[in-house]
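Novice: Predicted model and sequence follow; I will ask about them next.
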Amino acid sequence: MIYQDSKTLLAVRGLHATVNGIEILKGMDLTVKSGEVHAIMGPNGSGKSTFAKVLAGHPAYEVTGGEVRFEGGNLLELKPEARARAGVFLGFQYPIEIPGVANSQFLRLAYNTVQAGRGKDELDPLEFDDFVREKMKLLEMNPDFLDRSVNEGFSGGEKKRNEILQMALLEPKLAILDETDSGLDIDALRIVAGGVNQLAHKDNAVVLVTHYQRLLDYIVPDYVHVMESGRIVKTGGKELALELEARGYDWVGAEVKANARLAT
Amino acid sequence: MNTVSTTRYLDSLLQGQPPAGPLAWLNQLRAHAVDRVGTLSVPTTRDEDWRFTDISPLTRQSFQPVQDAAPLAPAVLDQWAIPEAAARLVFVDGRYAPEHSFNRAGITVGNLAASLNQHGAAVQAQLGQHLAIERNAFAALNTAFLHDGALVILPRDLALAAPVHLLYIATREHAASYPRCLVIAESGSAATVIEDYVALQDDAYFTNAVTEMALAANAAVHHVRVQRDGAAAFHIANCAVSLAHASRYHSVSVALGARISRHNLNVRLTAEGAECSVDGLALIGGAQLADSHTLIDHAMPQGTSRQLHKCIVDGAARAVFNGNIMVRPGAQRTDSAQSSRNLLLSGKARVDTKPQLEIFADDVKCAHGATVGQLDIDEVFYLKSRGLSDTAARNLLTYAFGAEVIERIPVASLRNRLEQAVLARTQTAETGAARTA
């Protein structure tokens, strides 16, 4: 939701990034204020997921230009773990399976590490168990998930719920959810979206990276951005997503080209 | 010239042989083994089976069996106690230690020498029948010394819920020990047997073990093997398992110790519908070498085998895995899957892995794969994106890599203790760089 007195959480200016020497982000600009929900849409290969990973600090991506400020500080100077502790959260498109580590162990380690990094109290296993079970209700998750290995043998929907559970535990200021809707059936989508909606409030912000409009029926964005060739080429309200759903992405590109011709 | 000296080395080992016993068949078994030792030599890296494992450091030291058992204070054993155990047999430097052993299982769990009067016929029918010694110098050597050992007889249709713990403690420098174990699982029986090799010292000694297991129809045995020998030890082990109709054998072997260790495990599915899982973990560092050779021999139809073998190698250590899956003619509808996964933690660490499929039947399902590498960049990133430092993320993933095998041990106290051991071995300290992040 757009608030009058909100402060700027994320300011991306002219961001360029490469992977394996190939430039994927080519001048990305985005401003996200507290309380807002942004959707970044765009065709495959437009750079949406790269943008999400660059914000979280994935080592395979090299930033070659531009700046990213998070709460006024230089986000790009921080290691991935420091970004997490500072309040940046990436919900993975493909969450990693870690056989041999119980989900409860992983969740508590992540929670306590981030708590300690923020100067807050850590929880012992018993306290954490109560705490996490309460959060799991938000996502209608079976407590059995605590005893299983992290994401191992989880269905697509279960993995995504586990991602949002981590978001609930880590209480980020900026949550970037990368294709959280992919691989979800309609019931799982409703549950995951419901969880995100309950976690969103006026002091944090959510950036949804998605290919389809479907998710936006459940999590209503304040802004919809269209990415193409490594930058945002169009920004609108939630109705833009419906237009994209009806007309596809091609017309946006054509419009951009036409505007570019007029400008020269 | 090399052959001459290594032959002499085996002769030098033979010198400590115990005298002949009262049982003619046992003396015959031993005499035959002595003959075989006389014709064999210590394998070298020119032998295909020992290509990656240079055992020559063994031959530069001399080892003799101890003649008198060293007394141990009972409290010394507490560190290896398995509270769940229904029975425990303790061998100190290869000699049976009745004062530390107990049997509350209500079945035959005892030392071989004392059990031969009562169970002579059953033992004679099985002992030395499952493991071929003709071309195996170490197995022949063990058999040449055969006069005692561990005997477990699981009576028909009896399921023993609590495990049997066989504890082998090394206390003396330059001691040679020849542990021998025979497990006879009668039809429909079930149990968990733990072979546990530990040490009270870090000087060189030589353990040369042989284990045979015979599972009758529908029997089920969980076999846990923990090798946590001293840092300078030489550990050679040969294990042969025969599976009858619809029997189930589940093995988890963990190698943590010894300077050089070699474990041969042969599982033969001799009748239809037998099933086995053969899992292993080697966690080594420094200048250690751990070699595991397994053969899963599908001799009859409708057998199932699963194998997960993992190595975590640090320092300048070297791990070897040779996993042979044999599917003999007629062993139709065999279902086999094998996976060798290896994690190298340093630039000098090395692993040689050789999964081998030999299939002589046409209606089978066999899958195998091997990976060698370092921690996955995406896995590390996932954990770091949740706030964990680089070191914490790597430690957790390394631990998890080993824990996946440890988790399969069906004895909680041992599992927990080994998880702690893996944790202790896989955790590196936070570096300054990681802390300032």
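Specialist: That came through fine. Predicted model only: the values in this text are computed from it and were never measured. Numbers count the residues shown, from 1 in each chain, chains lettered A, B, ... in the order given.

Novice: The closest residue to residue A:117 other than its chain neighbours: what secondary structure?
Specialist: In space, and not counting its chain neighbours, residue A:117 is closest to residue A:85: 3.3 Å by CB to CB, 6 or more residues apart in numbering or on different chains. Any C-beta I mention is one placed from the backbone N, CA and C, and that applies to glycine too. Of the three states, residue A:85 takes helix according to DSSP: H, G, I helix; E, B strand; the rest coil.

Novice: contacting residues around residue A:85?
Specialist: A:113, A:114, A:117, A:118, B:387 (CB atoms under 8 Å, 6 or more residues apart in numbering or on different chains).

Novice: Go ahead and flag the most central residue of chain A.
Specialist: Geometric centre of chain A, nearest residue: residue A:176, 1.4 Å, by CA atoms, centre = their mean.

Novice: for that one, what are its contacts?
Specialist: Residue A:176 sits next to A:52, A:55, A:56, A:88, A:89, A:90, A:91, A:207, A:209 when contact means CB under 8 Å, 6+ apart.

Novice: So what sits opposite the last one in the bridge?
Specialist: Beta-bridge pairing for residue A:209 (DSSP bridges): residue A:40, residue A:178.

Novice: Tell me if I'm right that it and residue A:50 touch.
Specialist: No: Residue A:209 lies out of contact with residue A:50 (CB atoms under 8 Å); the separation is 9.9 Å.

Novice: Looking at these two, which has the bigger crowd around it?
Specialist: residue A:209 (27 against 23; other CB atoms under 10 Å in any protein chain shown).

Novice: residue contacts, that one?
Specialist: A:39, A:40, A:48, A:49, A:51, A:52, A:176, A:177, A:178, A:179.

Novice: got the residues you listed as JSON lines, with pLDDT columns?
Specialist: Below are these laid out as JSON lines (pLDDT from 0 to 100):
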{"residue": "A:39", "pLDDT": "97"}
{"residue": "A:40", "pLDDT": "97"}
{"residue": "A:48", "pLDDT": "96"}
{"residue": "A:49", "pLDDT": "95"}
{"residue": "A:51", "pLDDT": "97"}
{"residue": "A:52", "pLDDT": "97"}
{"residue": "A:176", "pLDDT": "98"}
{"residue": "A:177", "pLDDT": "97"}
{"residue": "A:178", "pLDDT": "96"}
{"residue": "A:179", "pLDDT": "94"}
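
Novice: Need phi/psi at residue A:50.
Specialist: Here is the backbone geometry of residue A:50 (degrees, to the nearest 10): phi -60, psi -40.

Novice: what's near enough to touch it?
Specialist: Residues near residue A:50 by CB under 8 Å, 6+ apart: A:17, A:19, A:24, A:25, A:61, A:230.

Novice: what about residue A:104, how many residues close to it?
Specialist: 19.

Novice: Of all residues in chain A, which one is closest to chain B?
Specialist: residue A:100 (3.5 Å; CB to the nearest CB).

Novice: and the residue nearest to the centre of chain A, what element?
Specialist: strand A:174-178 (DSSP states H and E).

Novice: List the buried residues of that strand.
Specialist: A:174, A:175, A:176, A:177, A:178 (16 or more other CB atoms under 10 Å in any protein chain shown).

Novice: And that strand, how far out from the chain middle?
Specialist: Strand A:174-178 has its C-alpha centroid displaced from the chain centroid by 1 Å (CA atoms, centre = their mean, to the nearest Å).

Novice: And for stretch A:157-168?
Specialist: Worked out by CA atoms, centre = their mean, stretch A:157-168 lies 12 Å from the chain centre.
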